[in-house]
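Engineer: Quick one, structure for this:
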Amino acid sequence: MAVERPDPRAGRRLESVPSLPAPVRRPAAAVASRTAPAVPVWRLLRWPVLLTLAVTLLRLAGELLGWSTYWFSPLPGGGLAPVGIAWLAPLVGAWCGFRLNRIGLRPPSIGLGLGVPLVSLALAPALPWLANRVHETSWTLHLVAWAITSVFVAALSATAWPALGRLLLVYALAARLPVLLVMAAAMWRRWGTHYDVVPPGFPPMTILERWLWIGLLPQATIWVALTVGVGAAFGVLGWLLASRLPR
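Structural biologist: Presented below is the predicted three-dimensional model:
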């Protein structure tokens, strides 16, 4: 009669039994963050920021030296003079959109990326107009209404394509900080440029109050919103252009 040989694995403790490691399940957000390319903010914005600073200094020199008022207008708000950093917003936006395409990023939606900034900019005058219709506003209240509207415009435009919006917010702040410093010096020294001249009917104020109202408030809100809104729309156009060109 054959004798069955005992199974050598019988009676072994569970700790000694080999096992395969269980696969680690990572959250979808973590996987997406690992696959999405990082946005090199300074590398993308270095030349736009330096160009903007150069235009700011050129505009200041042109007004101080009395160059053509067509190109370097000393009127309040700049007089839509051709030499000014506001005109750089569409170019910088298109540049950022083009470069984002080259590193493999795309807008969540082409329609929203274009439509949200444009609609936001178109509706921006509604709140100041409505406030003035309800009750005739003073200069300061009018600026406050514009500032509140501008915050919403900048936020909506930036969220239409977050990767582009973050770039444009950084650029807008970097572009407007030198202007704030120039305005402070111009008001203190009374240079007579568009950086320190007050609009008609503006109430008398101290230099600091004037800098806060016509310097800090609009530069940190109105001009930032204009830069982000216009730049966001042109950024999508820049992305579309890049997608149709060979790499």
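
Engineer: check contacts around residue 116.
Structural biologist: Neighbour list for residue 116: 156-157, 159-160, 232 [criterion: C-beta atoms under 8 Å, 6 or more residues apart in numbering]. Every C-beta, even on glycine, is put in place using the N, C-alpha and C of the backbone.

Engineer: May I have the residues that are in contact with residue 247?
Structural biologist: With contact set as C-beta under 8 Å, 6+ apart, residue 247 has these partners: residue 102.

Engineer: meant to ask about residue 222, not that
Structural biologist: Here residue 222 is in contact with 146-147, 150 (C-beta under 8 Å, 6+ apart).

Engineer: Going by contacts, tell me the helices and strands next to the helix or strand where residue 46 lies.
Structural biologist: Using DSSP states H and E, residue 46 sits in helix 41-64. If you count contacts as 3 or more C-beta pairs under 8 Å, 6 or more residues apart in numbering; DSSP states H and E, helix 41-64 packs onto helix 88-102, helix 162-189.

Engineer: Tell me which of those helices lies nearest to residue 75.
Structural biologist: Closest of the helices and strands packed on helix 41-64 to residue 75 is helix 162-189, at 14.1 Å (criterion: C-beta to C-beta).

Engineer: Report the next helix or strand after that closest one in sequence order.
Structural biologist: Next along from helix 162-189, by DSSP H and E: helix 207-211.

Engineer: mind exporting that following helix as PDB, just the C-alpha atoms?
Structural biologist: The C-alpha trace of helix 207-211 is given here as PDB (Å, rounded to 0.1, in the frame of the first residue of the first chain):
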ATOM      1  CA  ILE A 207      -0.700 113.300  -2.800                       C
ATOM      2  CA  LEU A 208      -1.200 110.000  -1.000                       C
ATOM      3  CA  GLU A 209      -5.000 110.100  -1.300                       C
ATOM      4  CA  ARG A 210      -4.700 110.900  -5.000                       C
ATOM      5  CA  TRP A 211      -2.200 108.000  -5.500                       C
END
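
Engineer: taking the mean pLDDT, what do you get for that helix?
Structural biologist: In this model, helix 207-211 has a mean pLDDT of 96.

Engineer: Which parts of that helix count as buried, going by neighbours?
Structural biologist: Using 16 or more other C-beta atoms under 10 Å as the test for burial, helix 207-211 gives 210-211.

Engineer: Please apply the same query to stretch 130-142.
Structural biologist: Within stretch 130-142, the residues that count as buried by 16+ other C-beta under 10 Å are residue 131.

Engineer: Could you tell me the end-to-end distance of it?
Structural biologist: End-to-end distance of stretch 130-142 (C-alpha to C-alpha, to the nearest Å): 11 Å.

Engineer: ok so, going back, how about CSV for the contacts of residue 116, with distance to residue 73 and pLDDT added?
Structural biologist: Formatted as CSV, the contacts of residue 116 follow (distance: C-beta to C-beta, whole Å; pLDDT from 0 to 100):
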residue, distance to residue 73, pLDDT
156, 31, 95
157, 27, 96
159, 35, 96
160, 33, 95
232, 27, 97
